[in-house]
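> quick one, fold the following:
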Amino acid sequence: MVNRENEYLCTVNSNYGTILVVDDNPAILTAVKISLGNAFQRVITLSAPEAVLTTLQQEHVDVILLDMNFSPGVNSGLDGLVWLSAVHRRHPDIPVVLVTAYADVKLAVRGLKNGAADFITKPWDNDELIRTLKDAIDKTKEVVSLHELEREHVKKVVDKCRGNMSKAAELLGITRQTLYRKYQP
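From the prediction side, this is the model:
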């Protein structure tokens, strides 16, 4: 079992399940538990990112709030980017919202390009933090139309066949004419 430093169970029935918060500042972890306690069923906190992957193997987590700086005296955000990458390699379906006290547009863009769902700066507005976290979860639950799923699948098959439409149509079990119709937006 993971040795989590603190877990806060809220009795309020929420649609937003479990959040994992990773920050090396105990005051931040306490503030997060207080501010998110009514918005999430469970708030799990970790002060060391090394326990993130183990926790994710043992717990169902709906969203992660990940600090960007864990090395003393270093405020580059690289720690957060490394852990963001590690989480996405093993759990690409869990949205990660990055948080830092050192707001930097380049860092935010880099985090978003590396797969972060969003970026929040400390100190945060509680309502904005909750809205950002819930939006990150909601985006993972969006329903894609059957037409869009079918079109994406057709595109993958065409790509796999290196643009050979006849071969792609044969693999899909449809005519070329139907393939062209499904391939269009």
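> which of the residues in stretch 120-131 are buried?
Neighbour counts using 16 or more other CB atoms under 10 Å place 120, 122, 124, 129, 130 of stretch 120-131 among the buried residues. Where you see a C-beta, it was placed from the backbone N, CA and C, and this is true even at glycine.
> give me the mean pLDDT for it.
Mean pLDDT, stretch 120-131: 91.
> ok, now stretch 169-177?
91.
> show residues contacting that stretch.
The contact list for stretch 169-177 (CB atoms under 8 Å, 6 or more residues apart in numbering) reads 154, 157, 160, 161, 165, 166, 178, 179, 182.
> least confident pick among the residues you listed?
residue 182 (85).
> ok, that residue - how many residues close by?
17 (other CB atoms under 10 Å).
> of the contacts of stretch 169-177, buried ones?
Burial by neighbour count, judged by 16+ other CB under 10 Å, picks out 154, 157, 161, 179, 182 from the contacts of stretch 169-177.
> the second one is in contact with residue 168, isn't it?
Yes - A contact is recorded between residue 157 and residue 168 when judged using CB atoms under 8 Å, the distance being 4.8 Å.
> gap between the closest residue to residue 167 other than its chain neighbours and residue 176?
With CB to CB, 6 or more residues apart in numbering as the criterion, residue 167 has its nearest non-adjacent residue at 4.3 Å, and that residue is residue 161. Using CB to CB, to the nearest Å, we find residue 161 at a distance of 12 Å from residue 176.
> can I get the strand or helix carrying residue 149 in PDB, CA atoms only?
Assigned by DSSP states H and E, residue 149 belongs to helix 146-160. Output of helix 146-160 as PDB, limited to C-alpha atoms (Å, rounded to 0.1, in the frame of the first residue of the first chain):
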ATOM      1  CA  LEU A 146     -20.400   8.200 -34.200                       C
ATOM      2  CA  HIS A 147     -19.700   9.900 -37.500                       C
ATOM      3  CA  GLU A 148     -16.500  11.500 -36.100                       C
ATOM      4  CA  LEU A 149     -15.300   8.100 -34.600                       C
ATOM      5  CA  GLU A 150     -16.000   6.400 -37.900                       C
ATOM      6  CA  ARG A 151     -14.200   9.200 -39.900                       C
ATOM      7  CA  GLU A 152     -11.200   8.900 -37.600                       C
ATOM      8  CA  HIS A 153     -11.100   5.200 -38.000                       C
ATOM      9  CA  VAL A 154     -11.300   5.500 -41.800                       C
ATOM     10  CA  LYS A 155      -8.400   8.000 -41.700                       C
ATOM     11  CA  LYS A 156      -6.300   5.600 -39.700                       C
ATOM     12  CA  VAL A 157      -6.900   2.800 -42.100                       C
ATOM     13  CA  VAL A 158      -6.100   5.000 -45.100                       C
ATOM     14  CA  ASP A 159      -2.900   6.100 -43.400                       C
ATOM     15  CA  LYS A 160      -2.000   2.500 -42.600                       C
END
